[in-house]
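Asks: when you get a sec, could you give me coordinates for this:
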Amino acid sequence: MIYKDTNNDGKITADDRILAGSTDPTVTFGLNLNAGYKGFDLSMMFSVTAGVHRMLEGGAVGNFSGDISHPASVWLDAWTPDNLDAKMPRIYYMQNSPSASYNVMSTFWIQNTSYLRMKNLQLGYTIPVKILKPVGIENLRVYYSAENLFTFDNMFFDIDPENSNSNGNEYPLLQTHSFGVNVTF
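Replies: All right, here's what the predicted structure looks like:
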């Protein structure tokens with residue numbers, strides 16, 4: 001890590017800390033799109049959050065602490081004397097290492113957690129009434145629905161950008177797929 005003397009006093013101290021990003025988004029909105037044609041219907045719901053940042057600690061990217069460690073694959077591109085343009089700092093084993101995010105805070109560990117997520121997609125088909133009436137059914141619709149289909153973000157490792165825990169260890173957001181039938185007699 002390289003630290004900057006932001007107050008230009010010739011020393012790197014706590015006085016060199018700066019405000020870098022906010023956990024409060026500057027923009028939050030949703031978009032709901034619906035379309036229908038000849039018995040087919042499609043609905044999509046998106047959510048967007050922009051201008052939000054979060055400090056991520058060692059647990060989010062994993063650490064190297066013996067048998068209980070769980071380092072993320074992002075550490076495969078860690079700094080070494082042979083890999084000077086690495087994305088990650090040098091690997092650290094002990095929690096008191098200068099490379100550990102808990103010891104000396106750095107803007108490196110502040111992630112832009114802005115995202116665009118497809119929250120819901122539903123595609124359905126309603127069978128025409130003239131086909132259903134003879135069998136005593138008033139309405140029949142079959143559909144496919146998916147939740148949390150995809151997320152676009154700029155995070156350098158794979159955790160949910162909505163995750164509010166700085167260690168990234170909340171239960172993951174689930175992607176669900178379902179098929180259904182709505183019948184009215």
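Asks: distance of Met1 relative to Asp160?
Replies: 26 Å (Cβ to Cβ, to the nearest Å). In short, each C-beta sits where N, CA and C put it, glycine included.
Asks: which one's more surrounded, those two?
Replies: Set Met1 next to Asp160 and count neighbours by other Cβ atoms under 10 Å: Asp160 wins out with 19 against 14.
Asks: ignoring the adjacent residues along the chain, who's closest to the more buried one?
Replies: Leu173 (4.8 Å; Cβ to Cβ, 6 or more residues apart in numbering).
Asks: OK, contacts around the residue nearest to Met55 when sequence neighbours are not counted?
Replies: Closest residue to Met55 apart from its sequence neighbours, by Cβ to Cβ, 6+ apart: Ile110 at 5.3 Å. Taking Cβ atoms under 8 Å, 6 or more residues apart in numbering, we find Ile110 in contact with 20-21, 53-56.
Asks: quick check: mean pLDDT of the lengthiest strand in the chain?
Replies: Ranked by residue count and defined by DSSP state E, the top strand of the chain is strand 139-153. Strand 139-153 shows a mean pLDDT of 95.
Asks: now do stretch 70-78
Replies: Stretch 70-78 shows a mean pLDDT of 82.
Asks: distance between the ends of that stretch?
Replies: Distance across stretch 70-78, first residue to last, is 15 Å (Cα to Cα, to the nearest Å).
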